[in-house]
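K.L.:
got a sequence here, can you model it:
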Amino acid sequence: MSYKLSDKYRNLKPSAVREILKATNEPGMIAFAGGSPAVEAFPCEEVRKLSAEILAEDPVSALVYGVSEGYEPLRQQVSQWLKRRENVGGDNDSVIITAGGTQVMDIATRILASEGDTIICEEPSFIGSLNCFRSHGCKLAGVPIDDDGMNIAALKKVVESNPGAKFIYTIPNFQNPGGTTLSLKKRREMYEIARENNLVIVEDNPYGNLRVEGSDVPSIKSMDTDGIVLYAGSFSKILAPGIRVAYAVVPKPMAGAFTIGKQVSDVHTGVLNQMIVSRWFDEYDVDEHIENIKKIYLRKRNLMCDALDKYCGERLKYVKPQGGLFIWARLTEKIDMLEYVGKLIERRVAVVPGTAFMTDDTAPCAYIRLNFSTPSDEDIVKGVKIMGEILNEYEDRK
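P.N.:
Numbering: from 1, shown residues only. Okay, here's the model as predicted:
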C-alpha cells in the first residue's frame, strides 16, 4: 500500500541530532552529539527508594488515570519552588505538569498558532522546538544571537517584517546550541517589544538551574505584569530525563486552552513519575542536590574547554558557557563543516553539525555543537584530541 503523508509532515526531516545519536551507540564512539545530563548526576538510589515507597504504600493512585493539569501536590510544590527560587508565577498564573519540556512547545504552538503563522525564534535554536513548530505548519523567522543573547536590533526588524507573528521563542539561559545567556537589559527590551506588538513570549528554561559561573539573571517571566509570558521548565536536567516530567507556568486566560491541548496530546503525564518527583521534594533537599550536580558540570565544562584550547587552539572559536550542557564552536573559513563532521565520525567522534539548528538547514554554516555532560572525562580529552588531529590535517594541506 502507498501512504501519503499530510502536507505538514511531508517535508519534515529526521532530527539530525537523533540520526547522529544512532552512531553513538556503535562500539567505541565518543558521543559529543548528545544532550543528556551526566549519568553520575542521576539520584538513582533516591529514585529507587521513592518508587518502592509509592508502589508499596499507594500503588492504585500511581497507576490510575490522572488529572490533565497534573498531580496536585506536585503542582503546588513546583509553584512554591519557582516563586522562591526565581520569583516566577503568581495569582494570575497556573502551573501545568507536562511530559517533558518539548510538550510545552507543542501545546503552546497548538493553541497559539495556526498553519502558515510565523514564529520568531533565535538563530540558531533547539532543533526539537524548530521541528515542533514546523510540524504545525508554521513559518520560522530567525533572529541572530550575540555573545549576550538575541540581537535586539535584529529582533525589532523581524517583528516589523512579520506583523502577524504569534510568539517569540527564546532559551535565555545557556542557550541550546549557542551556550549564550540573554542579558538582563535584553530581557527587558524583549519584553517591551512583545508587549508593544501584542506578542506572547515562550520562555524555555531547561538549563537555568545549571549555572556554574556568574550570577543568575532574572527570568523574563518574573517581569511579566501583562500576562504575555509562558514559561517552561523541566526536571530532565536536574533529576533524570527518562522520567519525562516538566512544567509550564501559563497565564490563567491561556490555561484552559493549554489544558485542552494537553488532553488532546496525551490526556495526562504519567502519575507514577509525577509522584516520584513530588516525594523527591518531600524527602530530599532539591536545592542542595542542584548545588552538588553543578560541581560535576563545572568540572566537565572546564575539562572540555581546556582540551579545546590545548588541541584545537585558534582554529576553533567558541564562547565559554556559564552553564548548561553545550559548547557552540566555529570552524575557520578554510574548513568545510560537514566534511569535518564526517571525518570525525570516521574517527569515532560524533558531533552535531550546526545546520541542524538553523531555520534554513540548507544555508552555509561553520558551526558544530559539542556536549560535555554525556561523555566520560577520558572520552572528552580523547575526543577533543582527535578533533585537533583532524584540524591538523587541514593545516597540512597548505
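
K.L.:
residues in contact with the nearest residue to residue 353 once chain neighbours are set aside?
P.N.:
Excluding the flanking residues, the one nearest residue 353 by CB to CB, 6 or more residues apart in numbering is residue 341, at 4.9 Å. Glycine gets a C-beta too; all of them are placed from N, C-alpha and C. Contacts for residue 341 (CB atoms under 8 Å, 6 or more residues apart in numbering) come out as 351, 353, 368.

K.L.:
repeat that for residue 112.
P.N.:
Here residue 112 is in contact with 166, 167, 200 (CB under 8 Å, 6+ apart).

K.L.:
correct me, but the first one touches residue 200?
P.N.:
This points to residue 166. Yes - with contacts counted by CB atoms under 8 Å, residue 166 reaches residue 200, the gap being 7.0 Å.

K.L.:
how about the helices in this structure?
P.N.:
Under the criterion DSSP state H, helices of the chain are mapped to 7-10, 16-24, 44-57, 59-63, 72-86, 101-112, 127-135, 152-161, 184-196, 252-266, 271-283, 286-311, 337-346, 377-396.

K.L.:
right, so of the ones you listed, which gets closest to residue 327?
P.N.:
helix 286-311 (6.4 Å; CB to CB).

K.L.:
give me the buried positions along that closest one.
P.N.:
By neighbour count on 16 or more other CB atoms under 10 Å, the buried set for helix 286-311 is 286, 289-290, 293-294, 296-297, 300-301, 303-305, 307-308, 311.

K.L.:
likewise stretch 104-122?
P.N.:
In terms of neighbour count (16+ other CB under 10 Å), stretch 104-122 has its buried residues at 104-113, 117-122.

K.L.:
which one of these sits closest to residue 35?
P.N.:
Of these, the one sitting nearest to residue 35 (CB to CB) turns out to be residue 105, at 15.1 Å.

K.L.:
ok, the closest one touching residue 131?
P.N.:
No - the pair residue 105 / residue 131 is not scored as a contact, 9.7 Å apart, by CB under 8 Å.

K.L.:
looking at this structure, which helix or strand does the model trust least?
P.N.:
Ranked by mean pLDDT, DSSP states H and E, the weakest helix or strand in the chain is helix 16-24, scoring a mean of 58.

K.L.:
the buried residues of helix 286-311: which two are farthest apart?
P.N.:
Distance extremes for the buried residues of helix 286-311: the farthest pair is 286 and 311 at 37.5 Å, using CB to CB.

K.L.:
point out where the stretch 1-150 of the chain drops to low pLDDT.
P.N.:
1-3, 8-25 (pLDDT under 70).

K.L.:
and residue 189, how many neighbours?
P.N.:
17 (other CB atoms under 10 Å).

K.L.:
which ones are touching it?
P.N.:
Applying CB under 8 Å, 6+ apart, we find residue 189 in contact with residue 152.

K.L.:
repeat for the one 4 residues further on
P.N.:
Listed by CB under 8 Å, 6+ apart, the contact set of residue 193 reads 152, 155, 156, 159, 168, 199.

K.L.:
same check on residue 331?
P.N.:
Residues counted as contacts of residue 331 (CB under 8 Å, 6+ apart) are 315, 316, 337, 340, 366, 367, 368.

K.L.:
any idea how far residue 359 is from it?
P.N.:
The spacing between residue 331 and residue 359, counted by CB to CB, to the nearest Å, is 20 Å.

K.L.:
and what of residue 320?
P.N.:
Residue 320 is 26 Å from residue 359, by CB to CB.

K.L.:
who are the neighbours in contact with residue 258?
P.N.:
Here residue 258 is in contact with 94, 96, 107, 108, 111, 248, 250 (CB under 8 Å, 6+ apart).

K.L.:
bridged to the closest residue to it other than its chain neighbours, which residues?
P.N.:
Nearest residue to residue 258, sequence neighbours excluded (CB to CB, 6+ apart): residue 250, at 4.9 Å. Beta bridges link residue 250 to residue 94 when assigned by DSSP bridges.

K.L.:
for residue 112, see how far away residue 250 is.
P.N.:
Taking CB to CB, one finds residue 250 at 11 Å from residue 112.

K.L.:
who's in contact with stretch 223-235?
P.N.:
82, 88-89, 92, 100-101, 104-105, 108, 167, 187-188, 191, 194-195, 199-206, 208, 219-221, 243, 245-254, 277.

K.L.:
same thing but 7 Å
P.N.:
88, 92, 100-101, 104, 108, 188, 191, 194-195, 200-206, 219-221, 243, 245-251, 253-254, 277 (CB atoms under 7 Å, 6 or more residues apart in numbering).

K.L.:
buried ones in it?
P.N.:
223, 224, 228, 229, 230, 231, 232, 233, 234, 235.

K.L.:
C-alpha coordinates for that stretch, CSV please?
P.N.:
C-alpha atoms of stretch 223-235 as CSV (Å, rounded to 0.1, in the frame of the first residue of the first chain):
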residue,chain,number,x,y,z
MET,A,223,8.9,40.7,34.8
ASP,A,224,5.5,39.6,33.4
THR,A,225,2.9,42.1,34.6
ASP,A,226,0.8,41.8,31.4
GLY,A,227,0.3,38.0,31.2
ILE,A,228,2.3,37.6,28.0
VAL,A,229,5.0,35.1,29.1
LEU,A,230,4.5,31.4,29.0
TYR,A,231,7.4,29.8,31.0
ALA,A,232,8.7,26.3,30.6
GLY,A,233,11.0,24.3,32.9
SER,A,234,11.9,20.7,33.3
PHE,A,235,13.2,18.1,35.8
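
K.L.:
centre of the chain to that stretch, how far?
P.N.:
Computed by CA atoms, centre = their mean, to the nearest Å, the separation of stretch 223-235 from the middle of its chain amounts to 16 Å.

K.L.:
try stretch 374-387
P.N.:
23 Å.

K.L.:
for that stretch, C-alpha coordinates in CSV please.
P.N.:
Output of stretch 374-387 as CSV, limited to C-alpha atoms (Å, rounded to 0.1, in the frame of the first residue of the first chain):
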residue,chain,number,x,y,z
THR,A,374,27.3,12.9,28.4
PRO,A,375,30.9,11.6,27.6
SER,A,376,33.3,10.4,30.3
ASP,A,377,36.2,12.6,31.3
GLU,A,378,38.6,10.2,29.5
ASP,A,379,36.5,10.4,26.3
ILE,A,380,36.3,14.2,26.5
VAL,A,381,40.1,14.5,26.3
LYS,A,382,40.5,11.7,23.8
GLY,A,383,37.7,13.1,21.5
VAL,A,384,38.9,16.7,21.5
LYS,A,385,42.4,15.4,20.8
ILE,A,386,41.1,13.6,17.7
MET,A,387,39.3,16.9,16.7
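
K.L.:
having no further points to raise, I will conclude here.
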